[in-house]
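Undergrad: coords below, sequence missing:
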């Protein structure tokens, strides 16, 4: 059985002019792209399989990330279910000129490992160790229930 720490991925990106909007802020879509890559690598590290994005929960952009900032993206598995794996991603910006670091975003994503035919594979179990990992593990079941309930409501509305 693996721990959440064993699935941890840390990506570091430098915000360049091509990554920004006309205000000099990092494009939200570029950050979402980086978040998705970090989460996919975490899911792959945990499962040892090719993984695809199944869903992305809410992403909030709490603080702007500017041109020249360094972006630190940390992704870690919170819980696995039958075939799905929930990944927690935390984003921090670093201003290297002022030596400051600020948390800017968090997100939860769900991934599924697939075989060569695109069919879901069983997700290996995870065993949380720290109090924070145990809390995220418990909360993951609640977030999953909300996602499944929302899916059922949408399905029912469509007929």
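TA: That came in fine, so what should we check first? What you see is a predicted model; the values in this text were computed from it and never measured. Numbers count the residues shown, from 1 in each chain.

Undergrad: Which parts of this protein are strands?
TA: Secondary structure of the chain, counting by DSSP state E: strands at 9-14, 51-56, 70-80, 84-95, 100-113.

Undergrad: Work out the gap between the first one and the centre of the chain.
TA: Taking Cα atoms, centre = their mean, to the nearest Å, the mean C-alpha location of strand 9-14 is offset from the chain mean by 13 Å.

Undergrad: elements contacting that strand?
TA: Counting contacts by 3 or more Cβ pairs under 8 Å, 6 or more residues apart in numbering; DSSP states H and E, strand 9-14 packs against helix 28-47, strand 70-80. No exception for glycine: its C-beta is placed from N, CA and C like everyone else's.

Undergrad: Dump these into CSV; add distance to residue 148 as well.
TA: Listed next are the helices and strands packed on strand 9-14 as CSV, based on distance: least, Cβ to Cβ, whole Å:
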stretch, distance to residue 148
helix 28-47, 19
strand 70-80, 14
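
Undergrad: What is the neighbour count of the residue nearest to residue 51 when sequence neighbours are not counted?
TA: Counting by Cβ to Cβ, 6 or more residues apart in numbering, residue 43 is the residue found nearest to residue 51 once chain neighbours are left out, at 3.9 Å. Neighbouring residues of residue 43 were enumerated by other Cβ atoms under 10 Å; the total is 30.

Undergrad: ok, back up a step: which of the helices and strands packed on strand 9-14 is buried the deepest?
TA: Mean neighbour count (mean count of other Cβ atoms under 10 Å) peaks for strand 70-80 among the helices and strands packed on strand 9-14, with a mean of 22.

Undergrad: That strand versus strand 9-14: what angle between them?
TA: When axes from the mean of the first three to the mean of the last three Cα atoms, to 10 degrees is applied, the directions of strand 70-80 and strand 9-14 differ by 160 degrees.

Undergrad: now the angle between strand 100-113 and strand 70-80, please.
TA: Relative orientation of strand 70-80 with respect to strand 100-113: 40 degrees, computed using the same axes, to 10 degrees.

Undergrad: Partner strands of strand 70-80, with direction?
TA: strand 9-14 (antiparallel), strand 84-95 (antiparallel) (DSSP bridges).

Undergrad: Report the buried residues of the longest one.
TA: So that's strand 84-95. Residues 84, 85, 86, 87, 88, 89, 90, 91, 92, 93, 94 are the ones in strand 84-95 that count as buried (16 or more other Cβ atoms under 10 Å).

Undergrad: For the closest residue to residue 108 other than its chain neighbours, list the residues it contacts.
TA: Leaving aside its chain neighbours, residue 108 sits nearest to residue 57 (4.2 Å; criterion: Cβ to Cβ, 6+ apart). Contact partners of residue 57, counting by Cβ atoms under 8 Å, 6 or more residues apart in numbering, are 107, 108, 109, 110, 143, 147.
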